[in-house]
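Engineer: Just the structure for this:
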Amino acid sequence: MSVLKSLFVSVALVVPLAAEAKPPLRDVKEIDNELYYIAIANEISEYCPTISGRRLKAIGVMWDLRSTAHKLGYSDKEIRAYVESDAEKDRMRAKGEAYLAQHGVSYGKPGSFCTLGQKEIERNSAIGVYLRAN
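Structural biologist: Numbers count the residues shown, from 1 in each chain. Predicted structure coming up:
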């Protein structure tokens, strides 16, 4: 009986710790996806001279994402590590370049950024809300 009691106590102590474990921020879709949309919009605005990024809106959303991360229990150190991580930047760039290629965008054809940007603006998409036509 003491073995069962020890096992029960061990499980009772470990389960709450497992429940409190946080996933990596890259797996928190409400944060990762929004940063992705902002990154795509920024890339479009950098390569298309007729479209500007809505930077103040993006900055406001990023502050909101930081607050969301804090509410989920992430520290400033964890948030900074995620945002500044070279591996995360590479992952986000690869994901973004795949999206751009899927939509016919080529770095050799700056006009293709404008075409996609205009479509995103017209659709008022998650990316389009961070863009405006000049």
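
Engineer: alpha carbons only for contacts and neighbour counts from here, please
Structural biologist: Fine.

Engineer: Tell me the buried residues in stretch 21-37?
Structural biologist: 25-26, 31-32, 34-37 (16 or more other C-alpha atoms under 10 Å).

Engineer: From these, which land in helices?
Structural biologist: 31-32, 34-37 (DSSP state H).

Engineer: Specify which member of the residues you listed is nearest to Ile79.
Structural biologist: Ile31 (10.5 Å; C-alpha to C-alpha).

Engineer: Spatially nearest residue to the closest one (excluding sequence neighbours)?
Structural biologist: Of all residues not flanking Ile31 in the chain, Leu65 sits nearest, at 6.0 Å (C-alpha to C-alpha, 6 or more residues apart in numbering).

Engineer: The one you found: neighbour count?
Structural biologist: 18 (other C-alpha atoms under 10 Å).

Engineer: repeat for the one 4 residues further on
Structural biologist: For Ala69, the count of nearby residues is 19 (other C-alpha under 10 Å).

Engineer: cool, Met92 as well?
Structural biologist: Neighbour tally, Met92, other C-alpha under 10 Å: 19.

Engineer: Likewise for Ala133?
Structural biologist: 15.

Engineer: leaving aside the residues next to it on the chain, what's closest to it?
Structural biologist: Closest to Ala133 by C-alpha to C-alpha, 6+ apart is Ile51, at 4.4 Å.

Engineer: rewinding a little: is it possible to export the ones in helices among the buried residues of stretch 21-37 to a markdown table including pLDDT and distance to Ala69?
Structural biologist: Shown next, in a markdown table, are those (pLDDT from 0 to 100; distance: C-alpha to C-alpha, whole Å):
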| residue | pLDDT | distance to Ala69 |
| --- | --- | --- |
| Ile31 | 95 | 8 |
| Asp32 | 95 | 11 |
| Glu34 | 96 | 12 |
| Leu35 | 95 | 13 |
| Tyr36 | 96 | 16 |
| Tyr37 | 97 | 17 |
